[in-house]
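Participant: Build me a model from this:
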Amino acid sequence: PGRTLAQDAPRAVVHYDAIKAEASALASLGLPLITVIPQELDAERWPAKSPGKDGKPKPAYTGKNPSHWLAADKPRLLSHTRPQTIEALHAAVDRAEALGLPIGLAVVPSTTLVVVDLDRKDFNNDQAMEAAYQGMLAAWPELANTRTERTPGGGLHLYLKVADDMQSWRNPNGSGHYCHFSTDGSGDHHGEILHGRRVCVTAPTQNGRGPYSLLNPE
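Facilitator: Below you'll find the model as predicted:
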């Protein structure tokens with residue numbers, strides 16, 4: 001009792017100035033951006049609207065959903081449909097820095113810019129995921145020249161402009177788009193195309209597992 005989240009939160013390294021600088025660079029390229037609180041917050045204090053299948057509260061703040069701090073003990077969710085202006089984003093970072101609390105950066109994909117998300121957990125080992133990535137580079141060498149990140153979990157993000165407004169990924173019934181994909185023709189799930197409702201946390205954000213590190217510049 002009497003302690004605040006600012007006192008109890010794990011101390012992840014946050015490079016506030018670097019986040020603002022990267023936000024400005026990405027915004028100049030026309031990418032919609034939003035802040036995230038890059039750690040999962042206590043589900044008992046801030047539960048999601050509906051509980052999990054076990055009846056226990058689920059966290060409203062997962063470490064990846066759009067959010068920022070209003071005060072030391074007042075996180076606030078943000079709508080992914082309303083990206084922040086660069087001024088509002090910088091202000092949110094400054095507020096987090098003044099509070100000594102973690103903050104991160106995310107891109108809001110669309111049907112004109114998407115993020116290919118290779119999930120490490122969907123491969124048997126690091127070598128299998130690296131082989132899949134190298135296979136993609138062999139098939140489409142231009143992928144070596146786009147913004148690419150390593151995630152804290154060992155996965156990869158590749159940022160791509162879309163030529164057909166995602167029409168080739170539209171469901172046959174016209175309701176939305178496919179997002180899961182396989183890298184080897186097996187049908188096994190190896191990653192997702194992040195677009196529309198799925199925001200993508202981006203470098204130089206750091207969470208409890210480590211940083212999102214930039215391998216290739218945008």
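
Participant: residue ranges for the strands of this protein, please.
Facilitator: 33-36, 67-71, 74-77, 104-107, 113-118, 148-150, 156-161, 180-181, 191-194, 200-202, 206-207, 210-211, 213-216 (DSSP state E).

Participant: To A21, which of these lies closest?
Facilitator: Judged by Cβ to Cβ, the one of these that comes nearest to A21 is strand 104-107, at 10.3 Å. No exception for glycine: its C-beta is placed from N, CA and C like everyone else's.

Participant: tell me the mean pLDDT for the closest one?
Facilitator: The pLDDT scores in strand 104-107 average 96.

Participant: who does that strand pair up with?
Facilitator: strand 33-36 (antiparallel), strand 200-202 (antiparallel) (DSSP bridges).

Participant: so how far is it off the chain centroid?
Facilitator: 6 Å (Cα atoms, centre = their mean, to the nearest Å).

Participant: mind exporting that strand as CSV, just the C-alpha atoms?
Facilitator: C-alpha atoms of strand 104-107 as CSV (Å, rounded to 0.1, in the frame of the first residue of the first chain):
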residue,chain,number,x,y,z
GLY,A,104,7.9,2.3,-26.6
LEU,A,105,7.1,3.0,-30.3
ALA,A,106,4.8,1.2,-32.7
VAL,A,107,3.9,1.5,-36.4
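
Participant: Which positions within it qualify as buried?
Facilitator: 104-107 (16 or more other Cβ atoms under 10 Å).

Participant: Equivalent analysis for stretch 125-142, please.
Facilitator: Under 16+ other Cβ under 10 Å, the buried positions of stretch 125-142 are 129, 132-133, 136.

Participant: residues making contact with it?
Facilitator: The contact list for stretch 125-142 (Cβ atoms under 8 Å, 6 or more residues apart in numbering) reads 118, 120, 123, 143-144, 154-156, 183-184, 190.

Participant: Would you mind putting the residues you listed into a markdown table with distance to G176, pLDDT and neighbour count alongside?
Facilitator: Formatted as a markdown table, the contacts of stretch 125-142 follow (distance: Cβ to Cβ, whole Å; pLDDT from 0 to 100; neighbours: other Cβ atoms under 10 Å):
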| residue | distance to G176 | pLDDT | neighbour count |
| --- | --- | --- | --- |
| L118 | 22 | 90 | 22 |
| R120 | 26 | 87 | 18 |
| F123 | 26 | 85 | 21 |
| L143 | 25 | 91 | 16 |
| A144 | 30 | 91 | 11 |
| G154 | 29 | 90 | 16 |
| G155 | 23 | 91 | 19 |
| L156 | 24 | 93 | 21 |
| T183 | 22 | 73 | 20 |
| D184 | 25 | 73 | 11 |
| H190 | 20 | 73 | 20 |
